[in-house]
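Trainee: Sequence and predicted structure are below.
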Amino acid sequence: MFQCSRVLLVLLALAVPAGSVTASDGRPAVRFVADNIPKFRAKNEMIERYGERYDVFHDQLIGRNRAGEDLPCSTQILNEVGWWIKYTEDHEAVERRLADLAESLETENADQSFARVQSPEDGSWGGCYEPWFFRAWNSVDPLREILLSGQRPEHPLKFLREVGTPEALSERLRSLIVSRPAVDGRNNRKELNLTVTGLGQLLWLPLFEGIVSETVPRKTLGDAMIKVLDEEWQDPETGYWGAWYETDGGRIVKTEDLSITFHIVSYRSGDVRLRQKLIETLFATRERPYPYGWQDRGRQNTHHTYDVVRIIQLVWPDLDAYRRARARAEVIIILARALRIALQPDGSFDPAPYNSVAEAFYFGVSLLDTAGYFDREKRFWGPNWEFEGRSRTRAQIIARLEELDSDAPMAKAALRKLRNSPE
């Protein structure tokens, strides 16, 4: 995941163009290239130091996943380590968590199911994550599976009391929106994105209304979150949301973030302001690198393109004939690339961009499902085609998921979407 030319990393770290944010040692903590895309000195240095070790663990974990091992604790630690490396300068935390990761992988076929058990202390899921925002985000999918099965969680969702008042929630969001890497060495983008992703679902999606309201004032919190997002954070020039960065002179540089914007638009079912500007920004950022555009290391992976298709689906009623034609062409290209590149001949999905095989299945299936590949009734963009090999592809993916036999919520969700689609 972190493979990159060492020479390139050194050159990026040494470059000091205009528009940079300077750290106390005089070197730029962050610089901005075309379209206000930030490049972080610390990230380059951390990847240079830890990237190879991370990649070895990543490849080992994916390989063992493919061989049938279910390793949720190792996956959680790997996710967290990636965040420490790419978004902080905390070497002690990286070393400590890499050691934890190595220990978690020492025993083959170890039972790591404890990592999916709800905590009796705070009611969260994700026992191998340390930061609160990871556990809050990770709690959504297992809670969804429990509720969809007609059951209730064993313990109250006490972890939500961390943001249990409108003031606490609003202040947490405000503290994350603006990063000051020259001051504290932190890029808040990942924490901001996962906080919005987790809380957005729990506070806005109807499925969670009853259970969340038992612990915190859900509607009040949901309204407070929308108020910050709409009145303080959404960029009126682009319609997008994204991480902001403060420069030396106090200037705020705003970024357009596909992932953050997708989560907000999706969990609010498209009920957001500035939809016309938002769709124009979506098209305009097509060739930029993720998360500031659609591209991932020269290819479109199914996670990012699922975000694109879902946004198009939700704003489709607002599009005129020209924009619908453009959107339709993009969806066709995305589908063709997914079926040719991401989907493997045996019905699995390329796991290289992900930290688990279940994650690869989830985003691959979600993209095909949202684009109407399996079900014509979902093909919001038209036309009423019958995709050659659709039934065979569906059966192959189901067979691979059943062979995986994973308790991972993402694997269960992918299988549910497939079984709910026409044969």
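Mentor: Perfect, thanks for sending it.

Trainee: any chance you could map the strands in the stretch 151-300 of the chain?
Mentor: Counting by DSSP state E, counting those that start in this stretch, one finds strands in the stretch 151-300 of the chain at the ranges 178-179, 244-246, 252-254.

Trainee: What are the boundaries of the helices in the stretch 51-200 of the chain?
Mentor: Assigned by DSSP state H, counting those that start in this stretch, the stretch 51-200 of the chain shows helices spanning 72-87, 91-104, 132-138, 140-148, 166-177, 181-184, 189-204.

Trainee: got the buried residues for the second one?
Mentor: When you say that, I think you mean helix 91-104. 93-94, 97-98, 100-101, 104 (16 or more other C-beta atoms under 10 Å). For glycine as for every other residue, the C-beta is placed from the backbone atoms N, C-alpha and C.

Trainee: Distance to G293 and mean neighbour count added to the strands of the stretch 151-300 of the chain, as JSON lines?
Mentor: Putting the strands of the stretch 151-300 of the chain into JSON lines (distance: least, C-beta to C-beta, whole Å; neighbours: other C-beta atoms under 10 Å) gives the following:
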{"stretch": "strand 178-179", "distance to G293": "20", "mean neighbour count": "21"}
{"stretch": "strand 244-246", "distance to G293": "18", "mean neighbour count": "21"}
{"stretch": "strand 252-254", "distance to G293": "15", "mean neighbour count": "15"}
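
Trainee: picking that back up, and the helices of the stretch 51-200 of the chain, which one is worst for confidence?
Mentor: Looking at these, the lowest mean pLDDT belongs to helix 181-184 (a mean of 90).

Trainee: Not counting its own residues, what contacts stretch 179-189?
Mentor: For stretch 179-189, the external contacting residues (C-beta atoms under 8 Å, 6 or more residues apart in numbering) are 21-24, 29-30, 38, 40, 42-43, 86-90, 175-178, 242-246, 248, 257, 260, 291.

Trainee: Name the single longest strand found in this structure.
Mentor: strand 28-33 (DSSP state E).

Trainee: in that strand, what counts as buried?
Mentor: 28-32.

Trainee: Can you name the two of those that sit furthest apart?
Mentor: A29 and F32 (11.5 Å; C-beta to C-beta).

Trainee: Could you report the neighbour count for R161?
Mentor: For R161, the count of nearby residues is 14 (other C-beta atoms under 10 Å).

Trainee: Take the contacts of stretch 179-189 and, keeping just the buried ones, write it as a PyMOL select command.
Mentor: To isolate the buried ones among the contacts of stretch 179-189 in PyMOL, judged by 16+ other C-beta under 10 Å, type:
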select buried, resi 21+22+23+29+30+38+40+42+43+86+87+88+89+90+176+177+178+242+243+244+245+246+257+260+291
